[in-house]
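Undergrad: sequence and predicted structure, then a few things I'm wondering about:
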Amino acid sequence: MMSKLSNVWVFSDIASRLPEVIAGGVQLGEKVSAFVIGSEDEIAKAYSLGATHVYYLGEKDTSKIIEDYAETMAHAISNGDTNTLMLLGATKRGKALAAKLGVQLNAGVINDASEVTVADGVTAKHMVYGGLAIGEEKIVSPIALITIGNGVFEAAQADNSKTGEAVSVSFIEPKAAIKCIERRAKQGESVDLGKAKRVIAIGSGIGKQENLQMVADLGAALGAELGCSRPIAETEKWMERERYIGVSGVMLKPELYLALGISGQIQHMVGALGSQTILAVNKDKNAPIFQYADYGIVGDLNKVVPALISAFKG
Amino acid sequence: MKIITCYKLVPEEQDITVKADGILDTSKAAPKINQFDLNAVEAAVEIKALVGECKITALSMGGKALDNPKARKDILSRGPDDLTVVVDEKFEHLLPHQTARVLAAAAQKNGFDLIICGDGSGDLYAQQVGIQLGELLEVATINAVSKIVSAQDGTVTVERALDDEVEVLEITLPAVISVSADINEPTIPSMKTILAAGRKPVTKLSAEDLEIAEIPALVESVSVLAPKQAERKQIIIDGDDEDQVAEFAEHLRKALK
């Protein structure tokens, strides 16, 4: 019983996420009203992607933070249809803005939505308990605020024949502004396992720290990133926290996931279940990991891993 | 400076099991301090070291688990000078907008210059209570704080690591900030601080003490269910002889393509 709202508001603080939020707006609303902060080009971009109305908040002002536009947006939204939804990208700024708007508009907020439906009210799903479960919540206030994760809506394609005039919106001073005294590009990314195509993960079964070298060699031979279970990162501290897979850790989506000496508790597995193919090496044939594996071998890591290295080396 | 650091007790995630129907069983999971809130407490301790004259109050609301002396000692052993808990059965499973309203009432009663929250909670991970709290209190509020640069009476300067850039922000107090998990490494309490924690003052408030205005119904929880698992081939080779490893390597080779 999917229906459409008469108007959906959209905003993205990051240009690359705009095509997705607009696509969401097109799917869920008859009209799509985009807030734009930035150059005139960005107004044209919003129209070309499918926005039917653009509300222009002006050029970027480096001393202002995006969140200080909350009052301005809330004012525009409250002047429109009462039954409405605003979609934002699930960025740090998107979430801060959504929460501020939630209080200002007395509206329900759901972050990191993986699915959004409009029926009688707006319903969204998002991960809870570190990935052990999916929570489904329904926003019952007239205005709904939702930040969406990457890839929830297929990005809208630009069509330059679609154009329009923007409505200028004047800035409303926030009650308590925050002063931005410096802004700089982020320093080089650290490892992002969530984007790796192949991942080898180690668990307590690895035995001793010296064995990490042979795992690194296998990783090099397979072109795989290395990850681990919680005890390896938190108790042994043999790997950084960014490499820990599972509840409150990294959620993987690789083509291949190879588990070495990991027993396979659900708290770890939730991070690995998004893998296309799961392989496991474990000496205990009753280890739960084998229930989640496509291919497994019951054996000694010290025998299996070196044999795999020689089988795959250059 | 008067700092409040908010925390939530959540079920120990390692002890949560998933039942066949997809419902989570938290009955064997003991309540523990939400991991992200330990970063908030540590940030408060860090600010106290910068400003000298400073009192840290830990604040939580929830159900009966907050009465547990061990859980109280646990939070107090991490640096707060005192503790305020708002306990009511009906606060057991609140949604974020409700939690923010209860905390706002408690913070107003206590008084504050700065409130520090974690990035989210390990159970619902709604990531909005801190900002909503600041907004309800009508003070400056921001999330994703990744570093405390300086602190003095009246202002704090912080760094904020965003998806694409880092902002350095000067925040006039009173304010509410939410800190990210990478802001610090929470200190593990020593035996001495654990013993001292038992002597720190605790204030217990009820819902009535706070005179909270009616909480609006903005969101309803529909369900919390474990996702269905994908079918796996489960081809398991029992043994690590040369031939068996070669067979496994062959499966691995195919999966690499």
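TA: Sure thing, it's come through.
Undergrad: quick one: buried residues of stretch A:193-202?
TA: For stretch A:193-202, a neighbour-count test (16 or more other C-beta atoms under 10 Å in any protein chain shown) marks A:Leu193, A:Gly194, A:Ala196, A:Arg198, A:Val199, A:Ile200, A:Ala201, A:Ile202 as buried. For every residue, glycine as well, the C-beta is placed using N, CA and C.
Undergrad: isn't the fifth one right up against A:Gly274?
TA: No - at 10.8 Å, A:Val199 does not count as touching A:Gly274 under the criterion of C-beta atoms under 8 Å.
Undergrad: overlap in contacts of the two?
TA: A:Leu252 (C-beta atoms under 8 Å, 6 or more residues apart in numbering or on different chains).
Undergrad: quick one, what contacts A:Lys31?
TA: Taking C-beta under 8 Å, 6+ apart, one finds A:Ser6, A:Asn7, A:Val8, A:Thr52, A:His53 in contact with A:Lys31.
Undergrad: and those residues as TSV, adding distance to A:Gly227?
TA: Shown next, in TSV, are those (distance: C-beta to C-beta, whole Å):
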residue	distance to A:Gly227
A:Ser6	46
A:Asn7	44
A:Val8	38
A:Thr52	44
A:His53	45
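Undergrad: so how do I select the buried members of these in PyMOL?
TA: Applying 16+ other C-beta under 10 Å to the contacts of A:Lys31, the buried members can be selected in PyMOL as follows:
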select buried, chain A and resi 7+8+52+53
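Undergrad: what is the nearest of the contacts of A:Lys31 to chain B?
TA: For the contacts of A:Lys31, the residue nearest chain B by C-beta to the nearest C-beta is A:Val8; the value is 18.1 Å.
Undergrad: that's a helix at that closest one, yeah?
TA: No - using DSSP: H, G, I helix; E, B strand; the rest coil, the assignment for A:Val8 is strand, not a helix.
Undergrad: so who does it touch?
TA: A:Gly24, A:Gly25, A:Leu28, A:Gly29, A:Lys31, A:Val32, A:Ser33, A:Thr84, A:Leu85, A:Met86, A:Leu87.
Undergrad: could I get the pLDDT score of the closest residue to chain B within the stretch 201-314 of chain A?
TA: Of all residues in the stretch 201-314 of chain A, A:Gly299 sits closest to chain B, at 2.7 Å by C-beta to the nearest C-beta. Note for A:Gly299: predicted pLDDT of 96.
Undergrad: what about it, how many neighbours?
TA: Around A:Gly299 there are 22 other residues, counting by other C-beta atoms under 10 Å in any protein chain shown.
Undergrad: surely it meets A:Lys285?
TA: No - look at A:Gly299 against A:Lys285 with C-beta under 8 Å: they stay out of range, at 9.5 Å.
Undergrad: which parts of the longest helix anywhere in chain B are buried?
TA: If you go by DSSP state H, chain B has its longest helix at helix B:35-51. Of the residues in helix B:35-51, B:35-48, B:51 count as buried by neighbour count, 16+ other C-beta under 10 Å.
Undergrad: number of residues surrounding residue 122?
TA: Let's take chain A. With other C-beta under 10 Å as criterion, A:Val122 counts 28.
Undergrad: my bad, the chain I had in mind was chain B
TA: If we define neighbours as other C-beta under 10 Å, then B:Gly122 has 22 of them.
Undergrad: ok, back up a step: nearest residue to the residue of the stretch 201-314 of chain A closest to chain B other than its sequence neighbours?
TA: B:Asp240 (2.7 Å; C-beta to C-beta, 6 or more residues apart in numbering or on different chains).
Undergrad: read off the pLDDT value for that neighbour.
TA: pLDDT, B:Asp240: 95.
Undergrad: so who does it touch?
TA: A:Ile297, A:Val298, A:Gly299, A:Asp300, A:Lys303, A:Val304.
Undergrad: does whichever residue of the stretch 151-257 of chain B sits closest to chain A lie in a helix or a strand, and which?
TA: Nearest residue of the stretch 151-257 of chain B to chain A: B:Asp240, at 2.7 Å (C-beta to the nearest C-beta). In the assignment (DSSP states H and E), B:Asp240 maps to no helix and no strand.
Undergrad: backbone phi and psi for it, please?
TA: Main-chain torsions, B:Asp240, degrees, to the nearest 10: phi -120, psi 30.
Undergrad: and the stretch 1-150 of chain A, which residues reach chain B?
TA: Residues of the stretch 1-150 of chain A lying near chain B by C-beta under 8 Å from any C-beta of the partner chain: A:14, A:65, A:67, A:91-93, A:95-96, A:98-100, A:102-104, A:106-112, A:123, A:126-130, A:132-141.
Undergrad: can I take it that B:Ile116 is in a strand?
TA: Yes - the assignment for B:Ile116, made by three-state DSSP, places it in a strand.
Undergrad: how close does it sit to chain A?
TA: Per C-beta to the nearest C-beta, to the nearest Å, B:Ile116 is found 15 Å from chain A.
Undergrad: check contacts around that residue.
TA: Going by C-beta under 8 Å, 6+ apart, B:Ile116 touches B:3-6, B:40-41, B:43-44, B:47, B:176-179.
Undergrad: again with B:Pro174
TA: B:Phe112, B:Asp113, B:Leu114, B:Ile115, B:Leu137, B:Val139, B:Ala140.
Undergrad: isn't the third one up against B:Val156?
TA: Yes - counting by C-beta under 8 Å, B:Leu114 sits close enough to B:Val156 to count as a contact (6.5 Å).
Undergrad: can you list residues touching both of those two?
TA: With C-beta under 8 Å, 6+ apart as the test, B:Leu114 and B:Val156 both reach B:Ile47, B:Leu173, B:Ala175, B:Ile177.
Undergrad: residues in contact with the closest residue to the last one other than its chain neighbours?
TA: It stands for B:Ile177. Once flanking residues are discounted, B:Ile177 sits nearest to B:Val145: 4.8 Å by C-beta to C-beta, 6+ apart. By C-beta under 8 Å, 6+ apart, the residues touching B:Val145 are B:Ala43, B:Val158, B:Glu159, B:Arg160, B:Ile177, B:Ser178, B:Val179, B:Ser180, B:Ile183.
Undergrad: buried ones in whichever strand or helix holds B:Val145, by neighbour count?
TA: Assigned by DSSP H and E, B:Val145 falls within strand B:140-152. Within strand B:140-152, the residues scored as buried using 16+ other C-beta under 10 Å are B:Ala140, B:Thr141, B:Ile142, B:Asn143, B:Ala144, B:Val145, B:Ser146, B:Lys147, B:Ile148, B:Ala151.
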